Structure formats: structure tokens, C-alpha cells
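Visitor: Could you look at this predicted model? Sequence included:
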Amino acid sequence: MLEKFFKLKEHGTTVKTEVLAGITTFMTMAYILAVNPDILSACGMDKGAVFTASALSAVIATLVMALVAKLPFALAPGMGLNAFFAFGVCLAMGHKWEFALTAVFLEGIIFLLMTAFNVRELIINSIPKNIKHAISVGIGLFIALIGMKNAGIVVAHDATLVGLGDVTSGPAVVALLGIFITGVLLALNVRGAILIGLFISTIIGIPFGVTTVPNTFDFSVPSLEPILFKFEWDWINSAEGIFSMVTVLFTFLFVDMFDTVGTLIGVTTKAGMLDEKGKIPRVKQALFADSVGTTVGAMLGTSTVTTFVESASGVAEGGRTGLTSLTTAVMFFIALFLAPIFLMVPGAATAPALIIVGVMMVTPVRSINLDDFTEAIPAFFTMVMMPFTYSIAEGIVFGLISYVFLKLLTGKTKDVSLVTIILAVLFIVKFIVEAM
């Protein structure tokens, strides 16, 4: 049955290869089950409930990818997007987490409609390539900063804004050791290096008093009740509220679009799965899985669900069909019953995962054109404004506005699409409205 449904022989693979590939993918991305609850709890969400929502949304979205798109990609709440949710929308902008969940829910609905009418590809093609690369780099820097802050490696400083923290403190030592251990494992091509490093850091944290080991382990699944269907609609009653929602919603839409499509392109290219025209097979179905995951994930109570670049690890192991992602979905379901193990992981132990993922996300900097200043300056703004302003949204805003101005003022009008100009104008209007 598996052979007939997934056409394994046609793709030159076997059940054993696909299952092992799926387990490998899970091992490389399972850290999200510890990191996502830790990040979203920063804005007041119940940590246990977020764990359950994270695992269930990963199961549902990855099942859609497996059974509808039949591609070897796994999905879960995305890094960077969860950081924007907690530290951008909630802590920096001052919104409740219910407001952010509502934005994620609306994002999923819009994505479903955009996927149905093939609009996502149109918008994606209108955004400058260098800005796309820079967004990934900026998010990587932002995530790394959050990791260092959580571990006390970097602290607030009155004279210099930021400064070096006490690197001899328990959290900092645990995080630094975790980074080195994870780095060695990655260099040795150990499967699940990030997850292994995360748990080793957790164990190291016990004698330092950083990790709290519960007296008893309750392996029941944490209840979703504290965050299930917790949406906020009061923003509809004011123009300011509507504008805030539109701004947040656009950022979620924008970042998720490029994160998902970039991952799909990168992994399919690595696997040699692009068709003769260089297009991704069944891309519409893949984007549908992303949309369903985000919509259902918001209902359950978690941030945006997206395709994970760690899927490349399973592809590298020979995964070529939906059986790989089906296996990954099963592994996430099993993980639901291991909540105490994932939830005892402290922030200092998740910091190495954040920093290492940040390293992985900055690799597109090699593809940015730094010789043309009309390309380099906007890309630079995009990258540095994210960590400097503690906001992914502001990085995108400064990047696009500077791109449009530099291109138009230097006569390179052919490089600027109408959609890009409209976006830049909307961002300028946003600044004017906020200043009033």
C-alpha cells in the first residue's frame, strides 16, 4: 500500500530509507518542542499548553504535507516567527498574546485564499532577491541575540546600550558549553546535533542550579485549555487597532512566505527534485500544508507553522516522498507524551539552539550582492535593524523603503516593481501615522 500511494520505486527509494529519513528529520527539528514553549511563555502563555499546541500543529501540518503534497518536508511552529510573536508583537508593541494569536489565525486564512488563487507566487516574485536573503540573515542575528540575552551572555548597559554579562554565571556557562558541544556535534555530522546539545546542556544545568528537575514526572499530555481558541477581536473597534493588526499581520505574512518558499526551493534543489523547468513539484499542495498548519496552529494556541529547513537532513538521508514526512509526523505524536522531558529544559539550555539556528540562518549572506550599493544598503538595513530595534518588522520596513528610494533616485526604475513601491508607501504612511 505504501509503495502504491507514495510511488517509492518511481522515486528510487524504499520504506526503510524513508522511515530512517523521517526519524532523522524529527531528530534535527525536535528542539522546537523545547524552544517554542520557552519563547512563547515569555509573553505570558502557558508553557505546557504551548508544548501540546506545538506538537499537535506539527503533526497535523506534516500529515497534510505527507498525504496531500507527498513531499519529504516537515512543518512546525517556525523559529523567528515565534520570536516576532513573543518579543515583537507582545513585549515590544505591547499587545496581548491573544492579539498575536488572532493575527496568526488571520494569516492562515489569508494564506489559504492566496494559495487557492496562486497569489503567493506573484507576491514572492515581486520582492527583491537580495531583500529575501537579508531577511533570513536578519532573523538569524535577531534569534542569536535573544539566545544570548536569555543566557545572560549579553545584558542591557546604560552607557553602551548592550554589554557583556557575567559569563561565569550558571546560565552563561551552561549556554556557552552547550554552544561548543552542539558545534562539535554539527561539525562531526551527528544526526540530531541540536537536540542532543540541548539535552546535554539541560543535564549540565543541574549542578549549576539552572535546571530544575521535578520530583515526579507526569507523562500525561498538558491541557490546551489555557490557550485553545483564545482570540481577541477588540481591535476591530478602532482605526488604531485595525492599523496595528494590519501591520502585524503583514509582517507575519511576509516573513512566513519567504521562509516557506525559500525552504522549499533550497531543499528540493538539494534533493534534485526540481522539474525540467526548475519548478518545485506540487508546490501548491506544499503551500496548502503550510496554510492549514498555520490556521490550525493558531486555533490550538501557537505561533506561525512553517516548513523547516531541517527537512534537508532527512532528504540527505535519502527521503524522497511523503513517507518521510509521515514518519516525522508520527514521531511528533509520540513526543506529545514526553512533555516533562521537554518542559524541564531551561532558557539557558535553549540558548545554544537559538544561537546555532541563527548561524544556519545567516548563510544566505553569501548570496547578497554587496558590490551594488543600491542592493547592499537595503540588504544591510534589513539585516541590522532587526537585532538593533529588536524587531523583525522594522528590518523589513527599512530594507524595502531604502531599496525603493535608492533605485528610483539612481534611475534603476526597472529593478523596482509596482508592488514593492506600494509596500514602501504603506510603510512610510505607517511612520507618519505613528508620529501623529
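Guide: Sure, I can see it.

Visitor: can you give me the strands in this structure?
Guide: With DSSP state E applied, the chain shows strands at 75-77, 154-157, 161-164, 305-307, listed in chain order.

Visitor: What helices and strands are in contact with the second one?
Guide: On a contact count with 3 or more Cβ pairs under 8 Å, 6 or more residues apart in numbering; DSSP states H and E, strand 154-157 meets helix 129-151, strand 161-164. Yep, even glycine has a C-beta here, placed from its N, CA and C like the rest.

Visitor: Mind putting those into JSON lines with distance to residue 232?
Guide: Formatted as JSON lines, the helices and strands packed on strand 154-157 follow (distance: least, Cβ to Cβ, whole Å):
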{"stretch": "helix 129-151", "distance to residue 232": "24"}
{"stretch": "strand 161-164", "distance to residue 232": "33"}
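
Visitor: Does residue 399 touch residue 381 like I think?
Guide: Yes - when contacts are counted by Cβ atoms under 8 Å, residue 399 is listed as touching residue 381 (4.9 Å).

Visitor: neighbour-wise, which of these two wins?
Guide: Comparing residue 399 with residue 381 by other Cβ atoms under 10 Å, the one with more neighbours is residue 399, at 29 against 24.

Visitor: For the more buried one, list the residues it contacts.
Guide: Contacts for residue 399 were tallied using Cβ atoms under 8 Å, 6 or more residues apart in numbering; they are 131, 134-135, 378-379, 381-382, 385.

Visitor: Name the nearest residue to residue 369, sequence neighbours excluded.
Guide: Of all residues beyond its chain neighbours, the one nearest residue 369 is residue 375 (4.5 Å), with distances taken as Cβ to Cβ, 6 or more residues apart in numbering.

Visitor: what separates stretch 380-392 from the chain centre, distance-wise?
Guide: Using Cα atoms, centre = their mean, to the nearest Å, the mean C-alpha position of stretch 380-392 is found 16 Å from that of the whole chain.

Visitor: Please renumber the chain so that the first residue is 29 from this point on.
Guide: New numbering, starting at 29: the last item is stretch 408-420.

Visitor: need the contact list for the closest residue to residue 364 other than its chain neighbours.
Guide: Across the structure, with Cβ to Cβ, 6+ apart as the measure, the residue nearest residue 364 apart from its sequence neighbours is residue 83 (4.7 Å). Remark: with contacts taken as Cβ under 8 Å, 6+ apart, residue 83 is in contact with 61, 360-361, 363-364.

Visitor: sorry, back to before: my guess is the residue nearest to residue 397 contacts residue 156, does it?
Guide: Yes - taking Cβ under 8 Å as the definition, residue 403 is a contact partner of residue 156 at 7.5 Å.

Visitor: what do the two both touch?
Guide: Common contacts of residue 403 and residue 156, defined by Cβ under 8 Å, 6+ apart, comprise residue 431.

Visitor: residue ranges of the helices in the stretch 129-278 of the chain, please?
Guide: For the stretch 129-278 of the chain, the helices defined by DSSP state H, counting those that start in this stretch occupy 147-154, 157-179, 198-215, 221-232, 267-299.

Visitor: elements contacting the fourth one?
Guide: Spelled out, that is helix 221-232. Contacts defined by 3+ Cβ pairs under 8 Å, 6+ apart place helix 221-232 against helix 43-57, helix 198-215, helix 375-389.

Visitor: can you put these in a markdown table and add mean pLDDT?
Guide: Putting these into a markdown table (pLDDT from 0 to 100) gives the following:
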| stretch | mean pLDDT |
| --- | --- |
| helix 43-57 | 87 |
| helix 198-215 | 94 |
| helix 375-389 | 85 |
